[in-house]
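> One predicted model, sequence on top.
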Amino acid sequence: MKLVQKRSKKTGLSPGTLIHIGEQRADMVSITLFTYSGSQCDERAVVDPNDLRLPVDETVTWVNISGVHKVDVLEAFGKQFDLHPLLLEDIANTDQRPKLDDYETSVFLVMKMLTMDDRGNLLVEQVSFVLGRNYVLSFQENGTDVFRPVRDRLRGGKGRLRQHGSDYLLYALVDAVVDQYFAVLEALGEQIESLQERVTADPKPDTLKHIHALKRQLLFVRRAVWPLREAMSNLSRSECPFLHEPTKLFFRDVYDHVVHVVDTIETLREMVSASLEMYLSSVSYRLNAVMRVLTVITTIFMPLSFIASIYGMNFEHMPELKWEWGYPLILGMMGLVAGGMLIGFRQRKWL
Amino acid sequence: MKLVQKRSKKTGLSPGTLIHIGEQRADMVSITLFTYSGSQCDERAVVDPNDLRLPVDETVTWVNISGVHKVDVLEAFGKQFDLHPLLLEDIANTDQRPKLDDYETSVFLVMKMLTMDDRGNLLVEQVSFVLGRNYVLSFQENGTDVFRPVRDRLRGGKGRLRQHGSDYLLYALVDAVVDQYFAVLEALGEQIESLQERVTADPKPDTLKHIHALKRQLLFVRRAVWPLREAMSNLSRSECPFLHEPTKLFFRDVYDHVVHVVDTIETLREMVSASLEMYLSSVSYRLNAVMRVLTVITTIFMPLSFIASIYGMNFEHMPELKWEWGYPLILGMMGLVAGGMLIGFRQRKWL
Amino acid sequence: MKLVQKRSKKTGLSPGTLIHIGEQRADMVSITLFTYSGSQCDERAVVDPNDLRLPVDETVTWVNISGVHKVDVLEAFGKQFDLHPLLLEDIANTDQRPKLDDYETSVFLVMKMLTMDDRGNLLVEQVSFVLGRNYVLSFQENGTDVFRPVRDRLRGGKGRLRQHGSDYLLYALVDAVVDQYFAVLEALGEQIESLQERVTADPKPDTLKHIHALKRQLLFVRRAVWPLREAMSNLSRSECPFLHEPTKLFFRDVYDHVVHVVDTIETLREMVSASLEMYLSSVSYRLNAVMRVLTVITTIFMPLSFIASIYGMNFEHMPELKWEWGYPLILGMMGLVAGGMLIGFRQRKWL
Amino acid sequence: MKLVQKRSKKTGLSPGTLIHIGEQRADMVSITLFTYSGSQCDERAVVDPNDLRLPVDETVTWVNISGVHKVDVLEAFGKQFDLHPLLLEDIANTDQRPKLDDYETSVFLVMKMLTMDDRGNLLVEQVSFVLGRNYVLSFQENGTDVFRPVRDRLRGGKGRLRQHGSDYLLYALVDAVVDQYFAVLEALGEQIESLQERVTADPKPDTLKHIHALKRQLLFVRRAVWPLREAMSNLSRSECPFLHEPTKLFFRDVYDHVVHVVDTIETLREMVSASLEMYLSSVSYRLNAVMRVLTVITTIFMPLSFIASIYGMNFEHMPELKWEWGYPLILGMMGLVAGGMLIGFRQRKWL
Amino acid sequence: MKLVQKRSKKTGLSPGTLIHIGEQRADMVSITLFTYSGSQCDERAVVDPNDLRLPVDETVTWVNISGVHKVDVLEAFGKQFDLHPLLLEDIANTDQRPKLDDYETSVFLVMKMLTMDDRGNLLVEQVSFVLGRNYVLSFQENGTDVFRPVRDRLRGGKGRLRQHGSDYLLYALVDAVVDQYFAVLEALGEQIESLQERVTADPKPDTLKHIHALKRQLLFVRRAVWPLREAMSNLSRSECPFLHEPTKLFFRDVYDHVVHVVDTIETLREMVSASLEMYLSSVSYRLNAVMRVLTVITTIFMPLSFIASIYGMNFEHMPELKWEWGYPLILGMMGLVAGGMLIGFRQRKWL
């Protein structure tokens, strides 16, 4: 994942100009339409967004759009649902900070969907929601199937979902996205736990790289979740007429979840920092151990070698050389020196 | 204790679906019921929660539930006490951030109970309270007997407890949980004190692991206590009609305790960080000491060995070798070199 | 770029005295004038600022001034547009913190334009805007052509720009400046990514210098952007009568962009800090590797040399010297010692 | 001083139960009573607190109690002065966070008295004040004579003290306690200054211990003073009817002092951290110096010894050995090698 | 400069007692008096402060007092200008935190004047201002001539100064003091820039001392400027009747300057921290370089010396010794070993 998204193609364009920013993640744009009330639920695929009409009756309409890279599709939505140009621009620009914007006829919410692929890489995808009096539009970058449970519940007709309005539908969708955050944190948490065991047992540069990769992923997760706190808090206290009091209780619950996620992210960040500290401490402790071995070896053998080299000198007059017990005496002396050294090291707890 | 709780079994479920999250800590669910007024106090075990009724008279009812993993029990309570589905969900999910939620007919408080087992491990258990006009429901994960003093006081009938309403009972229960925090901090504080002594005397990798274990425990304690501050502050200034002014003074007192606990946690965290700094400084100071020994040994014996090796050369024309006093002269010279070195080291304060 | 701008020539002057502070970046002052309404658009160069008049009709006037080092030009503007002396002083002083000041007849906005030159150096230039009921004055230090797209749109007459008042023109200009921030962050982000790869592969002092140069640039970017947050927030909620409600939505959008930029800066700063940590860890890990080699070599050869030096002693009575198999025996013993050492090292994972 | 006070004896007790927490610092409880108005001042010792009566006339009564470990004494006060049970509990519990509590008939203030004993150890003692309409109760742990100047001024009758009410008396007492903070900071400041000189001159483990002892003391001081800021701010803006407007000016002054103390504590903390950094830098610089010596010695003598050992080999055919000038030639060569090395080291600035 | 000012002589004194705290910086107290209106300006030295009278007409009076160590002079001012005892105390106590106090008949402002002496030492001096309806009193510790430009402008009569009231005079004086801050930051900024170059080129303990001296100076500057932010913000929004709306615009400008100074201080602090990081990294990189040299030398010469010492052994049966080409063969082998080592080191990039 890139630290900073490429936006350069936008520089210099008129603010209202619709242009897609970010990687293209889907080939086609697929649009599905749900229309439901307490008693019935219609579901169909939409080919041409220009066929859609702003619903006027009391049924709830949910349009889910996968793929935001086709500017003409977005423009069709803008025309049919009377969306503000800035709102459309924000949908097309996938490098958006999560936020809640109140427009007169609709509420606009941008958030990030987090998933983990099979190899433990974090995927960040933008999801935008437009809430109207009796409709919800949801825009995904590609069709990551996070809304399937919601669809199933709509089809099944059980539970509260079909009995409530568009605001409760928005809650169900947002809740599905936030639930994914816990799954991602669970995976990261497990990686960190296993990392902390490795870090003292065998501190290698690879461990260091892993620590920094985790740090970076947590940074991305934090950037995706942190601003959502404020957005959810605003949503649960919004004055907007489409949001009914009982539903706000549910958004307050989502807000609590988001705060909990933010707390957990901070905990994980502290644990990663602690891992780095332990890595560095282990490396420096090992250096100490290595140096102690070096010093012990040097300190023992240098004096011994020195004694030996003295008796390797070729002076003519070295009386010791002629003593019959010279050699064993010297060997004994060497043993005494080495033994004394070893005792000294033991007392300093170096051995 | 795990950094992140497993919630995956919940992903994709309808928001209102009751499901237990967290480890199951008790085998059975046990329910005890207290009904008391100033003059009398009844106590009995409840087998079927469906037998309970929302109390209508002026006696105070306290139902304590140990074990929240049985979804049907919770649902029975939900039906009998008319509890909001989100409230029930929060009770069943033991990975909850401490919080206070105001529902129309009840106040809901989640907090964490902290205890230390015999081997100094921190145990974190969730306790939830539902306060109604004339009843309190308390949900524990298992029956850690932290409420025994409250029960004893109810039975004894002395003190303020029996004279006051359900709000004062809630205060007594919350106070009992917060009192445990001080005991946990006391234990952690003692561990840190003893750690700080060991850290300079004998810095081993085990010490490092202990430092990080303490850091981690403090992180968990902080996560459990920090959000309670806001909850208690809200409780002591709540507009809720079941909370009487005199009782709010008591909640303000609990709030002060929680703030004091938070302060103490921060102090302990700083002390643990200081321990880590001292550990690292000690390790690097010891490295210095080791290197100094190595350098002194090398610096003394290398020149001496070099001199000896010169006179070990086999040149035919080396006049010194034939001097009668050559050998003692060289030994003297070596002594002078070594002595000079030692004086130099002493001046640099290396010895 | 300097940490602190020279302001000394101002010390001791009367507060209202106009004096240019900062480097002079343009030779001449060039002034261009746009007058437009929905149906037409005039454009001309202005030689003498005293010829300008405060516009009274409903057309919108935009005067762009490149070069703020000529005090008499600023004074002419001050007279013709009735600008407050402090406002003029702030334009002339290019070491200004971004801010929004509300004067009675005008709104004054100072911001920083950020660009990257070809060699990757950050250039910071001050841009000031004065917004009146039907005019905008924009002051640049030199003519960096960041406003060309706005000019093109004015000439082309397409889009919203010509249909709206001076407040929307101000938005278009501010948006053009903020768009540049993303380009600068993109460039910095790429430098940091490439840095992180080099930092573990080959940690050299040059890498360290690069890290600190990036840190410094991010510090400058932060100083330039951070205060803009508040200015944009105030602008989007301003009570000023020239700012119409629909335009405030656009300024809210700019505010969102600025917050996004600030977030990204913080992320980049964390990544740079992480690079420094990785650099230091790599250096200390390499030290470890080097020391291990040293210790292995020393530990193997010191005992061997010691053995050899024993049999280099010249004692007359050294029976081993006369054994027929003495030499190969000793060589074999040396091989055993060396082999044992190697096995020991392998077990400690030093090899 | 302990990181965490023992509170365990309180766990499980009814909230209103009076119990002393903390070390007992005085043997007996001594009570002194001052009754004064502008014209006269009575002073006497009180033996039985039950003899005290809530004063009803316009004289001001000050009761100073030294020793809070006798629960019955506190209860007597509670009865005579109609004090809230929680207030009494807070007086008896000397492990209290500084705070201001508004009760209906009185204002309750807890703060910490800081003193330094002769050996530079920090002593922390709790002082509690109860302010009523025409009385002040002050509770000390033991009789540290910090209120002597106030007593002297009362006896002398000069200055404002005797002319004002109980609120001004409270101010005089609080001011006396806060004045002590400056004395403590002065002593700590001097210790830090002297530490900073030692830290580069001679970095020993003892210095490190001293740094951490100072850090710890500052932590205790901060914990004692920080919450007082809010308490003083509340006091100077209190709506309480016993606090007259002119006296609030004086409390604002105390607030300013407390803020100043907090600022100074932060400065001292930064200086202590800087000392630690300097200690670590000095240690690592010294390591560098030691290693340089080791390397220079090794680099010079290893090649020389190698050369000597070559000519110590016993090959039969080594022509150099028979040259007449072989020995001096080799010695000269050794000199050249050593000289070259020395020049090289000088160029690298290692010598 | 001392970390903590001596205040001990104040401990125990009655709060209203006037006593000078801080170093005495001037021998005598000199008082100058300006009385001016739009058309005229009188200037004279005052010998006895008791001769001064509170001005009653519409002229503006400015009294500048150099030297605050004479308590009787301050008392005379207190009497003549009806100043609150706490205000006088704050003037006499030069260890004051910058602040703004609103008294009924006057506004009191304390700030710090910062100057650099010729050797680059920071000097901090306290300046206090009392603003009345038609007068300003300014108290300096000694006569550092920072107000000369204001005096010159008063004498010259040009500009706004003579046309406005006492509030504008206060602005002019405060602005003169704040202008000095920029000069001090400029000097510190230059020192930091030059430091950063030295830090990588030649990291010596002296550099470290310089870094910490700068850190300390910035700490003092921050302490002096930071609280001024709030004071200036309050001043520019004050409800006080002597402060006219147009002058508040000027104080808002000073507020902007102070915020800019605070920002710059934070930048400089980050740069100093970065210098410390670079210093430590350089030291540890150099250690690495030194150790590499040591290891290379040891690794090359130890095996060579070992080989030589083998053939220095005195065994009778060492066939190699008798080979005719033994000596050159061994020399060749040594060359091969050394060459192989060198190639190995080059591959590891150690050379």
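Cool, got the structure.
> Tell me which residues of the one helix or strand A:A338 maps to come out buried.
Element membership of A:A338, judged by DSSP states H and E, is helix A:326-347. Of the residues in helix A:326-347, A:G326, A:Y327, A:I330, A:L331, A:M334, A:A338, A:M341, A:F345 count as buried by neighbour count, 16 or more other Cβ atoms under 10 Å in any protein chain shown. Using the backbone N, CA and C atoms, a C-beta is placed for each residue, glycine as well.
> Identify the farthest-apart pair in those.
Using Cβ to Cβ, the two most remote members of the buried residues of helix A:326-347 are A:G326 and A:F345, lying 28.9 Å apart.
> residue contacts, A:L137?
A:W62, A:V63, A:N64, A:I65, A:F77, A:F81, A:F129, A:V130 (Cβ atoms under 8 Å, 6 or more residues apart in numbering or on different chains).
> which of those residues lies closest to A:T115?
A:N64 (17.0 Å).
> Compute the distance between that closest one and A:A172, please.
Here the distance between A:N64 and A:A172 works out to 12 Å (Cβ to Cβ, to the nearest Å).
> swap in A:D27?
Here A:D27 is placed at a distance of 28 Å from A:A172 (Cβ to Cβ).
> Just give me the neighbour total for the closest residue to chain B within the stretch 51-200 of chain A.
Of all residues in the stretch 51-200 of chain A, A:G189 sits closest to chain B, at 3.4 Å by Cβ to the nearest Cβ. Counted with other Cβ atoms under 10 Å in any protein chain shown, residues neighbouring A:G189 total 19.
> quick one: which helix or strand includes it?
When secondary structure is defined by DSSP H and E, A:G189 falls within helix A:166-201.
> is that helix up against chain C anywhere?
No - shown here: helix A:166-201 not in contact with chain C (Cβ under 8 Å from any Cβ of the partner chain), separated by at least 10.4 Å.
> so what does that helix touch, helix or strand wise?
Helix A:166-201 sits against strand A:60-66, strand A:107-116, strand A:122-131, strand A:135-140, helix A:148-156, helix A:205-236, helix A:245-310, helix B:205-236, with contacts defined as 3 or more Cβ pairs under 8 Å, 6 or more residues apart in numbering or on different chains; DSSP states H and E.
> for these, which one sits closest to C:G156?
Shortest distance between C:G156 and the helices and strands packed on helix A:166-201, using Cβ to Cβ, is found for strand A:107-116: 29.3 Å.
> same for that closest one, what does it pack against?
Against strand A:107-116 (3+ Cβ pairs under 8 Å, 6+ apart) you get helix A:85-92, strand A:99-102, strand A:122-131, helix A:166-201, helix A:205-236.
> any residues touching the first one, and which ones?
Put plainly, it is helix A:85-92. Against helix A:85-92 from outside (Cβ under 8 Å, 6+ apart): A:15-21, A:68-69, A:71, A:74-75, A:77-78, A:96, A:101, A:103, A:106, A:108, A:110, A:128, A:130, A:139, C:249-250, C:253.
> For chain E, give me its nearest residue in chain A.
Taking Cβ to the nearest Cβ, chain A has A:G312 as its residue nearest chain E, at 6.9 Å.
> thought that residue was touching C:M318?
No - proximity of A:G312 to C:M318 does not meet the contact threshold set by Cβ atoms under 8 Å, at 11.6 Å.
> who has more neighbours, the two?
Residue environment comparison for A:G312 versus C:M318 gives the larger neighbour count to A:G312, 27 against 21, counting by other Cβ under 10 Å.
> circling back to that earlier point, using TSV, lay out the contacts of A:L137 together with pLDDT, neighbour count and distance to chain D.
Rendered in TSV, the data for the contacts of A:L137 read as follows (pLDDT from 0 to 100; neighbours: other Cβ atoms under 10 Å in any protein chain shown; distance: Cβ to the nearest Cβ, whole Å):
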residue	pLDDT	neighbour count	distance to chain D
A:W62	93	23	50
A:V63	93	22	52
A:N64	92	21	51
A:I65	92	22	52
A:F77	90	23	52
A:F81	90	22	51
A:F129	96	21	42
A:V130	95	25	45
